[in-house]
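>>> kindly return the folded structure for what I paste below:
(one chain, ligands or ions: 2)
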Amino acid sequence: MRDRRQIIAGMGAAAVAGIAPRAGYAAGKITLDDSSVLLVIDVQNCFLPGGSLAVKDGDKVVPVINRLAKGFTNVVMTQDWHTTGHVSFASSHPGKKPFETIDLKYGKQVLWPDHCVQGTDGASLSKDLSIPQAELIIRKGFHKDVDSYSAFTEADGKTTTGLSSYLKARKLHRIFVAGLATDFCVAWTAMDARKAGFETYVIEDACRGIDTQGSLAKAWADMAKAGVKRIQSGDIAA
Ligand code: VGL
Ligand code: ZN
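Numbers count the residues shown, from 1 in each chain. Ligands and ions are numbered 1, 2, ... in the order given. As a prediction, this is how the structure comes out:
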């Protein structure tokens, strides 16, 4: 085992030899490499101002994400994509109101206003996103009786979206998560990414939260416990 001084000395030698670290932290900044992928979560009209499940300041993430995306060769986006009458909609449960919870077969479910219904304008990705190189759009939440905050695994805890296999096949091991909403789809995606063994960063200023019943603070605590790294967009080397 090399001690801390030897590791620092070793890093110095690499710098003198002009060998940049392949990936990791350089000069206090995170450097991106061929195994890095930006995962842009649910930047859809329903979650933007004026949308049916508008996230406060949700539109503020768009310029940050557009800027970040310029540094990534690999970008994957997600799209919440529900059926009409979806189980996660309060309107599907007589007597229930949005933001109340119910117990479903797979566990506790927050009930939402109708949102991101397949093929509607509300479900469309923001027209202000400018990420032409995005290579894959993963749709999720399309099974009528199961929600899916996570881009990896549906809320039943077992149905996969295929994203983990895709990323592994493409050798994309370092995941940088941005988008909406911090405390639901971003957090669940980041925690599942850790479960699947990926190095996982959440870019805080490229996300906004819903924050219902303490959900935002809980999400950050859960993510920290899962080994998700909380960073700012400025921490990434330009
Ligand atoms: C989301 C609530 C319901 C999200 C999706 O994108 O965070 N939140 N559906
Ligand atoms: Zn949804």
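>>> just say helix, strand or coil for the residue nearest in space to the middle of the chain.
Note on the chain: the residue nearest the mean C-alpha position is residue 186, at 3.5 Å, using CA atoms, centre = their mean. When classified by DSSP: H, G, I helix; E, B strand; the rest coil, residue 186 comes out as helix.
>>> what about it, distance to ligand 1?
As defined by CB to the nearest ligand atom, to the nearest Å, residue 186 lies at a distance of 7 Å from ligand 1. For every residue, glycine as well, the C-beta is placed using N, CA and C.
>>> tell me the pLDDT of that residue.
Residue 186 is assigned 98 on the pLDDT scale.
>>> quick one: residues contacting it.
Contact partners of residue 186, counting by CB atoms under 8 Å, 6 or more residues apart in numbering, are 41, 177, 178, 179, 180, 202, 207, 219.
>>> isn't the second one right next to residue 204, touching?
No: if you go by CB atoms under 8 Å, residue 177 and residue 204 don't touch, sitting 10.2 Å apart.
>>> of these two, who's got more company?
A count of neighbours by other CB atoms under 10 Å puts residue 177 above the other of residue 177 and residue 204, at 26 against 17.
>>> how about the residues of the protein that lie near ligand 1?
With CB under 6 Å from any ligand atom as the criterion, the chain meets ligand 1 at residues 42, 47, 80, 112, 149, 180, 181, 184, 185.
>>> how about the second one, what does it touch?
To tie it back to what came earlier, the one meant is residue 47. Contacts of residue 47 (CB under 8 Å, 6+ apart): 53, 54, 55, 58, 80, 115, 116, 180, 181.
>>> repeat the analysis, applying 10 Å as the threshold.
41, 53-55, 58-59, 61, 80, 115-116, 122, 126, 179-181, 184-185, 208, 210 (CB atoms under 10 Å, 6 or more residues apart in numbering).
>>> next: the third one.
Counting by CB under 10 Å, 6+ apart, residue 80 touches 41-42, 44, 46-47, 53, 86, 88, 112, 115-118, 122-123, 139-142, 147-149, 151, 180, 184-185.
>>> excluding its backbone neighbours, what's nearest it?
Counting by CB to CB, 6 or more residues apart in numbering, residue 116 is the residue found nearest to residue 80 once chain neighbours are left out, at 3.9 Å.
>>> now swap in the fifth one and tell me
With sequence-adjacent residues excluded and distances taken as CB to CB, 6+ apart, residue 149 is closest to residue 188, at 3.8 Å.
>>> how close does the one you found get to residue 41?
9 Å (CB to CB, to the nearest Å).
>>> equivalent analysis for residue 109, please.
Per CB to CB, residue 109 is found 19 Å from residue 41.
>>> before we move on, the earlier item: residue 188 and residue 41: which has the busier surroundings?
Neighbours of residue 188 and residue 41, each counted by other CB under 10 Å, are more numerous for residue 41; the result is 34 against 22.
>>> just to revisit the earlier point, in helices, which of the contacts of residue 47 fall?
Of the positions in these, residue 61 sit in helices, assigned by DSSP state H.
>>> buried among the contacts of residue 47? Make that a PyMOL selection.
Selection of the buried residues among those in PyMOL, burial being defined by 16 or more other CB atoms under 10 Å:
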select buried, resi 41+53+54+55+58+59+61+80+115+116+122+126+179+180+181+184+185+208+210
